[in-house]
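Trainee: Build the 3D model from these lines:
(chains A, B, C and D)
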Number of protein chains: 2
Amino acid sequence: MKTQSATRKTFRREGEDKRREDLIAATLECVAERGLAGATVREIAQRADVTAGLIRYYFPTKDDLIGAAYRAVMNRMTVQASDALHNAAADPRSRLQAFVTANLGEPIMDPHNLSLWAGFIALVHADPAMAAAHRDGYLGFRDELEILIREALIASKKPAEPIHTRRHAIAINAIIDGLWLEGCLAGDIFADGELAETGIAAIEAVLGISLHTQGAE
Amino acid sequence: MKTQSATRKTFRREGEDKRREDLIAATLECVAERGLAGATVREIAQRADVTAGLIRYYFPTKDDLIGAAYRAVMNRMTVQASDALHNAAADPRSRLQAFVTANLGEPIMDPHNLSLWAGFIALVHADPAMAAAHRDGYLGFRDELEILIREALIASKKPAEPIHTRRHAIAINAIIDGLWLEGCLAGDIFADGELAETGIAAIEAVLGISLHTQGAE
DNA sequence: GCTCTAATTATGCAAGCGTATAAATACTCC
DNA sequence: GGAGTATTTATACGCTTGCATAATTAGAGC
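Mentor: The predicted structure follows:
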């Protein structure tokens, strides 16, 4: 109907959570499409179908919104990878394989995610709070990986002391990160599933075990 | 002396190459210190001890300067890695090892380089020209790596057909990139040389050969 | 040493930015 | 259904940005 007043925008009052989520989602859209520089308060507001002033009602400053968006992305990727674990078989080697495959396929291996990630990483160096947030995320990921590695090694009757698993976790984390990077940047020059396969093979070589459930060494 | 006029800045005419280099260097300083957003024409000019207008005399647009700076960084890292090869022993395995070690140590593995790299990568997605520049750099690096791998495999009497070396190059490139990333982001949580060692060990496992000259399999 | 030109400075402009603040309005509660 | 309040809009301010352009000057060549 919007015959309300003359021109003033009609609106609905949404719950605080809903609005925050919408604003974060709109921010991510902006960053994905036009980079961090394209994520202006006005553009974000327009995408969330809201006027710019409202942003400040929910986020004291734009940087707070950006930071929240960063955490949302990292959290989303982490959750997606963990989901893959829940749907995986019980064998630890299958689980590790599922984890790696999930991280090296859609929707995690996506240029948009890289743009977001890179944009934030560039800020890490200047902003200590952001740096801390990032390190936590990184170590959390590596810890989760290290647990998977340990269980896979044990299932293959290989030594799995911390002295081994730590170094393996570092190396395998690098393999996943590196391949993720390559796939995000130039996914089109790789065959479908090639990066995941390459990653699995490399990890098998590093650990000296097979990740295919039957015929494990 | 500078009693020239009243206030006007005194200046010298520099060669075109010198000025371009200075401007690029100033740009890199800005990006490294305060991120891409901190690299404004005025800030860059100030750092190059020049007025802002001059930038446009050498670079049609700011994006051109940014692009040139990106290429300069990538080129610098590439050259530094290649330098390590020239000082390496003749054995292909030693050369590969030297290449990896160089990429996973100072001055290549440096937070500043990561900040620069990440800031630019964030733009790749939005700017096709930058995307092309990046892809060239990436493929160049991987090709160089693939040659080293092939020669190392041959020296160890292993199969070195393109079908093998391509996939190995992808995997090993990922290992190097991933470890480089980890080292740049959180170098302080690793022991000295730990990442390089980890990388060498992982690469040896992937290739199934030893990279230490004596006692090669 | 004068001249001429290319390199450099100085100044200004229009647009877009984040943020502040006051006015308006949708919803809640009695 | 009327009052009150939390949410939302609207407007404006001060800054910074990239870019354009005119005025100046350092240095080369004769």
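Trainee: Does chain B have contacts with the lengthiest helix in chain A?
Mentor: Criterion DSSP state H: the longest helix present in chain A is helix A:128-155. Yes - judged by CB under 8 Å from any CB of the partner chain, helix A:128-155 comes into contact with chain B at A:His134, A:Arg135, A:Tyr138. C-beta here means a position set from N, CA and C on the backbone, and glycine is covered the same way.
Trainee: Only the buried residues of whatever helix or strand comes next after that helix, if you could.
Mentor: For helix A:128-155, the succeeding helix or strand toward the C-terminus, using DSSP states H and E, is helix A:162-186. Neighbour counts using 16 or more other CB atoms under 10 Å in any protein chain shown place A:165, A:167-186 of helix A:162-186 among the buried residues.
Trainee: for stretch A:94-107, same thing?
Mentor: Quick answer for stretch A:94-107 (16+ other CB under 10 Å): A:Ser94, A:Arg95, A:Leu96, A:Gln97, A:Ala98, A:Phe99, A:Val100, A:Thr101, A:Ala102, A:Asn103, A:Leu104, A:Gly105.
Trainee: Tell me which helix or strand the fourth one sits in.
Mentor: Following DSSP H and E, the helix or strand that holds A:Gln97 is helix A:92-103.
Trainee: mind saving the C-alpha coords of that helix as CSV?
Mentor: C-alpha atoms of helix A:92-103 as CSV (Å, rounded to 0.1, in the frame of the first residue of the first chain):
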residue,chain,number,x,y,z
PRO,A,92,39.3,-42.3,11.1
ARG,A,93,41.0,-42.5,7.8
SER,A,94,37.7,-42.0,6.0
ARG,A,95,37.0,-39.1,8.3
LEU,A,96,40.3,-37.4,7.5
GLN,A,97,39.7,-38.0,3.8
ALA,A,98,36.2,-36.5,4.1
PHE,A,99,37.6,-33.5,5.9
VAL,A,100,40.2,-32.8,3.3
THR,A,101,37.8,-33.3,0.4
ALA,A,102,35.3,-30.9,1.9
ASN,A,103,37.9,-28.2,2.3
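Trainee: Report the residue spans of chain A with pLDDT below the cut-off.
Mentor: A:1-6, A:129, A:213-217 (pLDDT under 70).
Trainee: For DNA strand D, give me its nearest residue in it.
Mentor: A:Gly53 (2.4 Å; CB to the nearest atom of the strand).
Trainee: For that residue, give me its contacts.
Mentor: Applying CB atoms under 8 Å, 6 or more residues apart in numbering or on different chains to A:Gly53 gives the contacts A:Ala45.
Trainee: Could you state which residue of chain A sits nearest its centroid?
Mentor: The structure's chain A has its C-alpha centroid closest to A:Met77; by CA atoms, centre = their mean the separation is 3.0 Å.
Trainee: Kindly report the residues of chain A close to DNA strand C.
Mentor: Residues of chain A lying near DNA strand C by CB under 7 Å from any atom of the strand: A:4-5, A:8, A:10-13, A:39-43, A:52-53, A:55-56, A:61-63.
Trainee: change it to 6 Å
Mentor: Contact residues (CB under 6 Å from any atom of the strand) of chain A with DNA strand C: A:4-5, A:8, A:10-13, A:40-42, A:52-53, A:56, A:61-62.
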